[in-house]
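> Dropping a prediction and its sequence here:
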Amino acid sequence: MNIVLKNANLLHPGENIDKKNVDILLSDGVISKIGNLKKEDYTEAKEFDLTNIYVVPGLFDMHVHLREPGREDEETVVTGCDSAANGGFTGVACMPNTEPAIDSAEVILLIKKKAFGHLVDVHPIAAATVARKGEVISPMAELFETGAVAFSDDGVAIKSSAILRRALEYSRMFDTPIIEHCEDESLTGGSMNEGLNSTTLGLNPIPSVSEDLIVMRDILMAEYTGGKVHIAHISTKRSVEMVRQAKKKGIKVTAEVTPHHFTLTDDAVKTYDTNTKMSPPLRTKADVEEIIKGLKDGTIDCIASDHAPHSIEEKEAEFDYAPNGIIGLETEAGLALTELYHKKVLSLAQLIEKLAINPRKILNLPVPKFEAGETANFTLIDPDEIWTVNISKFKSKSVNSPFDKRLLTGKAVGVINNKQMFYKGEKIDVS
Amino acid sequence: MPLSSRHLLGLQGVPKEDIFLILDTATTFREVLDRPIKKVPTLQGKTVVNLFYENSTRTRISFELAEKRLSADSVNFSLSTSSVSKGETLKDTIRNIEAMKVDMVVVRHSVPGSPLFLTKVCDSNIINAGDGAHEHPTQGLLDMYSIREKLGKLEGIKVCIVGDIAHSRVAMSNIFGLKAVGAEVSVCGPSTMIPRNIEELGVKVLYDIDEAIRENDVLNVLRIQLERKAREYFPSIREYSNYFGITEDRLEKIGKEDILILHPGPINRGVELSSGVADGLKQIILKQVTNGVAVRMAVLYLLGTMN
């Protein structure tokens, strides 16, 4: 089947493509021609008028929790992928804190089997240590061979510096990053960021220095070993400053930030809404300002959601008892467009680098190409569509989001990948 | 003039007028407590549930007595947190209780914000009887009542809260309440027990107990938690009592034997207060307890007659 995307704005910062009013012809999901098409160029095609819509390389979220195996009541590989597609993503990397953890080839194969045939590509991140216990490094060679794209004990940092060292040294053989959730266990154990708000709310505080210390350790260890460290969900001013310095020194460190950490501050916790409880916690205005600066100057390489589904029963509880985390796949692009593009922090091209290109580069995955003969891997973005977040419309199995009813400007309206297409909430037959 | 909110969750943001309304109403009820028949029919037909997720003898009895003096029907519902982890959620519990047609819920919970959570899942008036390290508004109010009773006013009075400020709901309610009515508030304790940024609340920080005694009209001395994790915040009880304990010697040396000292009880004798000071305080501390009943009657009355 032929698909024609008419009058689209083609934007691919990785290939220096930025063209207005272009037509794209897809044949069975493969790019056949890009340019101004005439009627005689194709027969029997489904046409989509994409005036004012940008066609960009498919967005990629390198930090999601799909909860399978273990908590299929909260999310499965398939519902997580549906959520990703609905949010405009054509690829995700899923974290290993499942039950059992992704620390064996079997679990990787199970996830790949569940994801097989979906529009969204799923790339597992394997545990850095067996069962994420921080005691023995995981069988990284086998995990890498089976499809792991990175290693992480996400949820916690790798416990000891000695094991971190071995993980960085060993993973260097595959050029894969160690993704670190940077929190010093001995300083963490509270429910929110330490500051005036934690004092007046009476909640146990988590100091920002808890993150800073591990970021510092990890940067030094990356420098010492020559391994690659990727800082997950960076949230503090000092951490951003340290990553900036480290990059200047040529240390192999990269960083991601979540939409909630550049959108919200710990003022949001004043409602005691458990959907404002996450790890790392929401920080202060000064932290958000430094994050914005880091996004602008390239210190922060990419945006990732830390999509963390939790059941309603677990979240609808006293603040201290509720688990950390929120879902993010279906609000990520909208928040990024609203908070970063429309507030002139990043250009659309820079935003696409952080949402589509850089995450793939960090994980050594190929960036989709805009060339005839390539399988189309696109996200369609309407940067000006004004819409209201409605958790009841989410495809995720969970609804734990603090952004319900929030007005956003800019939306991913469609995705095309693996010879499948979703556009404005509908599945389109492509082949 | 009614109160501006139908719940009492804390003293943060509560207008001065509301605080004085509660204190003035409490004065009326305080007089009732001295009558031979200590009961008024004000809340007849109203049902109050005392929902206590944390052990408390004093506060629970004080509320229960206040409810009975107002002729309300009261029910005690004490749950250990362990039974919660076994199953029923707070939301289910409160909905079950509310189905029994109650009007007001007095709640004590170890997790901050739990009383606010209750306002979102049920229709009763909610009174916070202490939620973790957040607030304990009726304690704050009764402390203010006791200060006003003794010193005649609150405005301009210098009050220092002494002890573990970082883990104290009593401290937070005192700070917000006292600041609202124009008192000058300072805190004194080991630096590990003073929360960062506390100055942003307009509170002065002191580390020298002698200075605190010298500069203030009132000391509100908090109970030091001897058990649990509190021990990581100071080296030893000996060191605490040597440097922050209030003794007769200190008071005498500074010449402030008559300084007003409050304590929410129960006292650790020989720790935050020497035995001699504690004995000298018997009268005022017992008065604080009686005032507590009057203040809680005022809160129950004002909220219970709003709807």
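Cool, the structure landed.
> how does chain A divide up, domain by domain?
A:2-55+A:371-428, A:58-362 (automatic domain parsing).
> which residues touch the closest residue to chain B within the stretch 301-431 of chain A?
Per C-beta to the nearest C-beta, residue A:318 is where the stretch 301-431 of chain A lies closest to chain B, at 3.8 Å. Just so you know, the C-beta spots here come from the backbone N, C-alpha and C atoms, and that holds for glycine as well. Applying C-beta atoms under 8 Å, 6 or more residues apart in numbering or on different chains to residue A:318 gives the contacts B:90, B:109, B:111, B:113-114, B:117.
> if we go to 6 Å?
Going by C-beta atoms under 6 Å, 6 or more residues apart in numbering or on different chains, residue A:318 touches B:90, B:111, B:114.
> OK, contacts around the spatially closest residue to it that is not a sequence neighbour?
Spatial nearest neighbour of residue A:318, excluding adjacent residues (C-beta to C-beta, 6 or more residues apart in numbering or on different chains): residue B:111 at 3.8 Å. Residue B:111 is in contact with A:318-320, B:132, counting by C-beta under 6 Å, 6+ apart.
> and residue B:111, how far is that from residue A:312?
Distance of residue B:111 to residue A:312, given as C-beta to C-beta, to the nearest Å: 18 Å.
> next helix or strand past the worst-scoring helix or strand of chain B on mean pLDDT?
Lowest by mean pLDDT, DSSP states H and E among the helices and strands of chain B is helix B:81-86, with a mean of 55. Along the chain past helix B:81-86, the next helix or strand (assigned with DSSP states H and E) turns out to be helix B:90-98.
> Helix or strand next in line after the longest helix seen in chain A, which one?
Longest helix of chain A, by residue count under DSSP state H: helix A:209-225. Per DSSP H and E, the first helix or strand lying C-terminal to helix A:209-225 is strand A:229-231.
> Name the surrounding residues that touch that next one.
With contact meaning C-beta under 6 Å, 6+ apart, strand A:229-231 is reached by A:177-180, A:215, A:218, A:222, A:253-255, A:362.
> Parallel or antiparallel, which strands does it pair with?
strand A:178-180 (parallel), strand A:253-257 (parallel) (DSSP bridges).
> Dump those strands into TSV; add mean neighbour count as well.
Shown next, in TSV, are these (neighbours: other C-beta atoms under 10 Å in any protein chain shown):
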stretch	mean neighbour count
strand A:178-180	28
strand A:253-257	26
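> Which of the domains of chain A sits closest to residue B:78?
When these are compared by C-beta to C-beta, domain A:58-362 sits nearest residue B:78, at 16.7 Å.
> how long is that closest one end to end?
Distance across domain A:58-362, first residue to last, is 16 Å (C-alpha to C-alpha, to the nearest Å).
> still on that earlier bit, phi, psi for the residue nearest to residue A:318 please.
With angles defined as degrees, to the nearest 10, residue B:111 sits at phi -100, psi 120.
> now that we're looking at the nearest residue to residue A:419 once chain neighbours are set aside, how far away is residue A:421 from it?
Nearest non-adjacent residue to residue A:419, counting by C-beta to C-beta, 6+ apart: residue A:29, 3.0 Å away. According to C-beta to C-beta, residue A:29 stands 8 Å off from residue A:421.
> what do the two both touch?
Jointly contacting residue A:29 and residue A:421 under the rule C-beta under 6 Å, 6+ apart are residue A:430.
> Of those two, give the one with the bigger neighbour count.
Taking neighbours as other C-beta atoms under 10 Å in any protein chain shown, residue A:29 and residue A:421 compare with residue A:421 leading, 26 against 18.
> what does the helix or strand encompassing the more buried one rub up against?
Using DSSP H and E, residue A:421 falls within strand A:420-423. Applying C-beta under 6 Å, 6+ apart, the contact partners of strand A:420-423 are A:85, A:119, A:414-415, A:428, A:430.
> if we go to 7 Å?
Identification of contacts with strand A:420-423 by C-beta atoms under 7 Å, 6 or more residues apart in numbering or on different chains yields A:3, A:48, A:85, A:119, A:380, A:413-415, A:428, A:430.
> Name the next helix or strand downstream of that strand, please.
Heading C-terminal from strand A:420-423, the first helix or strand you meet, by DSSP H and E, is strand A:426-428.
> Okay, now the sheet partners of that next one, with direction.
Strand A:426-428 has the following sheet partners, assigned by DSSP bridges: strand A:420-423 (antiparallel).
> Residue A:99 versus the residue of the stretch 1-150 of chain A found nearest chain B, what's the distance?
Residue nearest to chain B within the stretch 1-150 of chain A: residue A:73 (16.0 Å; C-beta to the nearest C-beta). Separation of residue A:73 from residue A:99 (C-beta to C-beta): 12 Å.
> ok, now residue B:294?
Using C-beta to C-beta, residue B:294 is found at 55 Å from residue A:99.
> Out of the two, name the residue with the larger neighbour count.
Per other C-beta under 10 Å, whichever of residue B:294 and residue A:99 has more neighbours is residue B:294, with 26 against 11.
> where are the low-confidence patches of chain B?
Scanning chain B for pLDDT under 70 picks out the ranges B:80-87, B:227-231, B:307.
> Give me the longest helix you can find in it.
Longest helix in chain B, counting by DSSP H: helix B:275-304.
> Distance from the chain centre to it, please.
Centroid separation for helix B:275-304 versus its chain: 10 Å, with C-alpha atoms, centre = their mean, to the nearest Å.
> Flag every residue of chain A that's near chain B.
For chain A, the contact set with chain B under C-beta under 7 Å from any C-beta of the partner chain comprises A:194-196, A:199-203, A:272, A:313, A:316-321.
> Just read off the phi/psi values of residue A:152.
Here is the backbone geometry of residue A:152 (degrees, to the nearest 10): phi -160, psi 150.
> So the spatially closest residue to it that is not a sequence neighbour versus residue A:43, what's the distance?
Of all residues not flanking residue A:152 in the chain, residue A:179 sits nearest, at 3.7 Å (C-beta to C-beta, 6+ apart). Per C-beta to C-beta, residue A:179 is found 48 Å from residue A:43.
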